[in-house]
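Engineer: Next comes the sequence, and after it the predicted model I'd like to discuss.
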Amino acid sequence: MEFSNILLSWYQTHKRDLPWRNTSNPYYIWVSEIILQQTRVQQGLAYYLRFIERFPSIELLAESKLDEVLKLWEGLGYYSRARNMHKAAQQIVHQYKGKFPNTYSSLLKLNGVGDYTASAIASFAFNESVPVIDGNVYRVIGRYLGISYDINSVKGKTKYKEAASELMDSKNAAQYNQAIMEFGALQCVPKNPNCDVCPLNGSCYSAIKQTVEEFPVKRNKVKITQRFFYFFVVSCEETFVLHQRKANDIWNNLYQFPLIEVSKKESIENIVDQFTRNRDVDAFELLGVSKEVKHVLSHQHIFARFIRIELNEIPGLKANEVSVSRAKMKEYSLPRIITRYLEQNDI
Ligand code: ADE
């Protein structure tokens, strides 16, 4: 049997029953794919069900307030994906009169839709013959053919795309693409795959050579930036200050405690001094300083500390700041690092 038939037959017996697989509605498929770019299936499922329940149609998503979309997205990270979805929903409803684009090339014109998402929607919803290539697919194909090109290089991406197009069952794009992704997620796993039970072990290059751990080849590692955040949890009685982020940076539009960001670790004395001078605060009480928390994003590692300060009057608010009671804080869209602090600290 050839590669695609083996995968399709494996898929029939091993596939998980997931809600976005029982639909050809491009809106639902789009939502699921964007969520699954952020998180694993298990956690993504809950987000997906909540999202579809709150916004059961693209019209309802387009009409909603961005803040509400961000709130539902809370904890998933990469909030620009939620903002782009909201914008793309408005684009579809207003410019395309609610008709979801139905080809790979027209899907690519939507806000936030790149090669991966366009291929996924075009094939899953419209059975268009385009290969979907995510991390799982890179692994399956790289191992099966023993591709020596780096998946992060331009040349490597082209080679993988050619190979993926050749291997796919073009009459059965929807099922085939789901099958190869599922095969990578369940059978051809990154660490210690059990090749003894793999239906492709008779023709897989790296299983035969016993070199599965060497594929896919990844040479150019992405550079990680380190950032140092000092959050000021400032209160006056029950009132706290939140700041809405407004820069072309992580967590755009989300709320956080006022922040001093520096390029290397500094002493708490220095940082508190900067903050109080900056705000003309003279009477304050330092209630405590958290341990350092490390927050890992795809290209950044954030090292954060939370400095708890009590003032005897509410400080003058700066641009994009609001004063908020403790009870109302959870109504704001907050990055995960802030909600985790609130869950773990009794403030
Ligand atoms: N990961 C990304 N897309 C997926 C899908 N459609 N099913 C399962 N896992 C996925």
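Structural biologist: Received the coordinates, thanks.

Engineer: Please count neighbours and contacts with C-alpha atoms only from this point.
Structural biologist: Fine.

Engineer: So for residue 8, what pLDDT did the model give?
Structural biologist: At residue 8, the model reports a pLDDT of 98.

Engineer: Contact partners for it?
Structural biologist: Going by Cα atoms under 8 Å, 6 or more residues apart in numbering, residue 8 touches 175-176, 179.

Engineer: any idea which helix or strand comes after the host helix or strand of it?
Structural biologist: Using DSSP states H and E, residue 8 sits within helix 3-14. Reading on from helix 3-14 to the C-terminus, the next helix or strand found by DSSP H and E is helix 26-36.

Engineer: Quick one: classify the residue in the stretch 201-347 of the chain that the ligand sits nearest to as helix, strand or coil.
Structural biologist: Here the stretch 201-347 of the chain gets closest to the ligand at one residue, residue 298, 17.2 Å apart by Cα to the nearest ligand atom. Assigned with DSSP: H, G, I helix; E, B strand; the rest coil, residue 298 falls in the coil class.

Engineer: Of all the residues in the helix holding residue 8, which ones are buried?
Structural biologist: For helix 3-14, burial by neighbour count (16 or more other Cα atoms under 10 Å) applies to 4, 7-8, 10-11.

Engineer: do you know how far the most centrally placed residue in the chain is from residue 80?
Structural biologist: With distances taken as Cα atoms, centre = their mean, the residue of the chain nearest its centroid is residue 38 (2.5 Å). As for residue 38, its distance to residue 80 is 11 Å (criterion: Cα to Cα, to the nearest Å).

Engineer: repeat for residue 6
Structural biologist: Following Cα to Cα, the distance that separates residue 6 from residue 80 is 38 Å.

Engineer: again, but for residue 113
Structural biologist: 12 Å.

Engineer: Between the two, tell me which one has more neighbours.
Structural biologist: Per other Cα atoms under 10 Å, whichever of residue 113 and residue 80 has more neighbours is residue 113, with 19 against 16.

Engineer: Spit out the contact partners of that one.
Structural biologist: Counting by Cα under 8 Å, 6+ apart, residue 113 touches residue 107.

Engineer: same deal with residue 316?
Structural biologist: Residue 316 sits next to residue 279 when contact means Cα under 8 Å, 6+ apart.

Engineer: Break down the stretch 151-300 of the chain into its helices, ranges please.
Structural biologist: Secondary structure of the stretch 151-300 of the chain, counting by DSSP state H, counting those that start in this stretch: helices at 154-167, 173-186, 205-209, 268-278.

Engineer: Out of those helices, indicate the one that is most buried.
Structural biologist: Mean neighbour counts were compared across the helices of the stretch 151-300 of the chain using mean count of other Cα atoms under 10 Å; the top stretch is helix 173-186, at a mean of 22.

Engineer: And it, what does it pack against?
Structural biologist: helix 3-14, helix 115-126, helix 135-145 (3 or more Cα pairs under 8 Å, 6 or more residues apart in numbering; DSSP states H and E).

Engineer: quick revisit: how about the contacts made by the nearest residue to the residue of the stretch 201-347 of the chain closest to the ligand once chain neighbours are set aside?
Structural biologist: Nearest residue to residue 298, sequence neighbours excluded (Cα to Cα, 6 or more residues apart in numbering): residue 224, at 7.9 Å. Each residue near residue 224 by Cα under 8 Å, 6+ apart is listed here: 298-301.

Engineer: separation between residue 224 and residue 296?
Structural biologist: Noted for residue 224: a distance of 10 Å to residue 296, by Cα to Cα.

Engineer: before we move on, what about residue 78?
Structural biologist: As judged by Cα to Cα, residue 78 and residue 296 stand 12 Å apart.

Engineer: Which one's more surrounded, those two?
Structural biologist: Between residue 78 and residue 296, residue 78 has the larger neighbour count (other Cα under 10 Å), namely 18 against 13.
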